[in-house]
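Trainee: below: sequence and its predicted model.
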Amino acid sequence: MSSVPVAVVTGSNKGIGLAIVGALCKQFPGDVYLTSRDPGRGQAAVAQLQQEGLRPLFHQLDIDDLQSIRALRDFLKEKYGGLNVLVNNAGIAFKVHDTTPFAVQAEVTLKTNFFGTRNVCTELLPLMKPYGRVVNVSSMVSSSALAGCSQELQQKFRSDTITEDELVQLMTKFVEDTKKSVHQKEGWPNTAYGVSKIGVTVLSRIQARLLREQRKGDHILLNACCPGWVRTDMAGPKATKSPDEGAETPVYLALLPSSADAPHGQFVSNKTVRPW
Ligand code: NAP
């Protein structure tokens, strides 16, 4: 078994994830895994970084596929006996003018951004080694979507005692409400991406609380963040940040020094803790 530290970035064959892998290859003292649901796209991305003199490793990972997540889990357990850095970056967004019915957009978006990310956490968080760092890439849109929720929903999403099961029930209810076209009447904002990212931010707060309660001596730090508005296939060419600039906050959180005991359980943008 290797004692080399290991970092994994989900959805890293392009965009912000690829830039995070590039930065970690330069700054993280260990093995860095570029992962992709499609091995061809993943290997092409590895080759691109190799041309820059970097040495990422590759593992397949589709966060929508529990078997794929468990294969990565078993590989990490066997080869490294755990994991030091996990960046949950993979995500999807329908374009603003996409005509796919809203209920379908809601189901598909929540499936990857919330339920897929949660499944990765369920399988990989138990592997986190002492002083591990977990970064869940959310979005400022989670804050604006929260402001668009009913007072009752806002209270639930800001609660310091909400459980993961309760959050899963709420995310499931959103998808069901969109199918019945009652989501707005039920207090939801009209954004599937926004609700999925509320889920990611609240999940991060819950997981950080559990780590604090159950693994206090392990000094693991887990946070949600917004990379900013970044020029990728998702956000388009008009966005203000380059992918490297978008990677800065996730990489800062992934490399918090072992002496740090904060931030933890926070929502961070531009390396600054934001109110939730
Ligand atoms: P992107 O260029 O579209 O890249 C998204 C990445 O996620 C791709 O590698 C994609 O793989 C991967 N992915 C999607 N579904 C996946 C799945 N089921 N399993 C594994 N990988 C999957 O988007 P980006 O702008 O870099 O976004 C990265 C993260 O930042 C996302 O979570 C996004 O919500 C968040 N974010 C972005 C912005 C922005 O302005 N760009 C702002 C706030 C937050 P494929 O190539 O196979 O599709």
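Mentor: Structure received.
Trainee: look up how far Ala7 lies from Pro29.
Mentor: According to C-beta to C-beta, to the nearest Å, Pro29 and Ala7 sit 10 Å apart. Bear in mind the C-beta positions are built from the backbone N, C-alpha and C, glycine included.
Trainee: of those two, who's got more company?
Mentor: A side-by-side neighbour count of Pro29 and Ala7, using other C-beta atoms under 10 Å, places Ala7 first with 26 against 10.
Trainee: wait, is that one part of a strand?
Mentor: Yes: Ala7: assigned to a strand according to DSSP: H, G, I helix; E, B strand; the rest coil.
Trainee: let me see the contact set for it.
Mentor: Ala7 is in contact with Leu24, Phe28, Gly30, Asp31, Val32, Tyr33, Leu83, Asn84, Val85, Leu86, Val87, Ala254, counting by C-beta atoms under 8 Å, 6 or more residues apart in numbering.
Trainee: need the residues of this protein near the ligand, please.
Mentor: 10-11, 13-17, 36-38, 41, 61-64, 89-93, 112, 116, 137, 139, 226-227, 229-230, 232-235, 239 (C-beta under 6 Å from any ligand atom).
Trainee: the strand or helix carrying Tyr131: which residues count as buried?
Mentor: Assigned by DSSP states H and E, Tyr131 belongs to strand 128-137. Within strand 128-137, the residues that qualify as buried are Met128, Tyr131, Gly132, Arg133, Val134, Val135, Asn136, Val137, counting by 16 or more other C-beta atoms under 10 Å.
Trainee: neighbours around Thr272, how many?
Mentor: Thr272: 9 surrounding residues under other C-beta under 10 Å.
Trainee: helices along this structure, start to end?
Mentor: Secondary structure of the chain (DSSP state H): helices located at 15-27, 39-51, 66-80, 102-110, 117-124, 141-147, 151-158, 164-179, 192-214, 243-254.
Trainee: what residues does the fifth one touch?
Mentor: For helix 117-124, the external contacting residues (C-beta under 8 Å, 6+ apart) are 8, 10, 61, 63, 66, 69-70, 72-73, 76, 83, 86, 88, 90-91, 134, 136, 164, 168, 199-200, 203, 207.
Trainee: at 6 Å what do you get?
Mentor: The contact list for helix 117-124 (C-beta atoms under 6 Å, 6 or more residues apart in numbering) reads Ile63, Leu66, Ile69, Arg70, Arg73, Leu86, Asn88, Val200, Leu203.
Trainee: now render the residues you listed as JSON lines, adding neighbour count, distance to Leu146 and pLDDT.
Mentor: Shown next, in JSON lines, are these (neighbours: other C-beta atoms under 10 Å; distance: C-beta to C-beta, whole Å; pLDDT from 0 to 100):
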{"residue": "Ile63", "neighbour count": "25", "distance to Leu146": "23", "pLDDT": "99"}
{"residue": "Leu66", "neighbour count": "14", "distance to Leu146": "29", "pLDDT": "98"}
{"residue": "Ile69", "neighbour count": "21", "distance to Leu146": "28", "pLDDT": "99"}
{"residue": "Arg70", "neighbour count": "13", "distance to Leu146": "32", "pLDDT": "98"}
{"residue": "Arg73", "neighbour count": "18", "distance to Leu146": "31", "pLDDT": "99"}
{"residue": "Leu86", "neighbour count": "26", "distance to Leu146": "24", "pLDDT": "99"}
{"residue": "Asn88", "neighbour count": "29", "distance to Leu146": "19", "pLDDT": "99"}
{"residue": "Val200", "neighbour count": "23", "distance to Leu146": "12", "pLDDT": "99"}
{"residue": "Leu203", "neighbour count": "24", "distance to Leu146": "14", "pLDDT": "99"}
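Trainee: farthest pair within the residues you listed?
Mentor: The distance between the two most remote of those (C-beta to C-beta) is 21.1 Å, for Arg70 and Val200.
Trainee: if I look at the nearest residue to Val134 once chain neighbours are set aside, what pLDDT would I see?
Mentor: In this structure, Val134 finds its nearest non-sequential neighbour in Leu222, 4.0 Å apart by C-beta to C-beta, 6 or more residues apart in numbering. Per-residue pLDDT puts Leu222 at 98.
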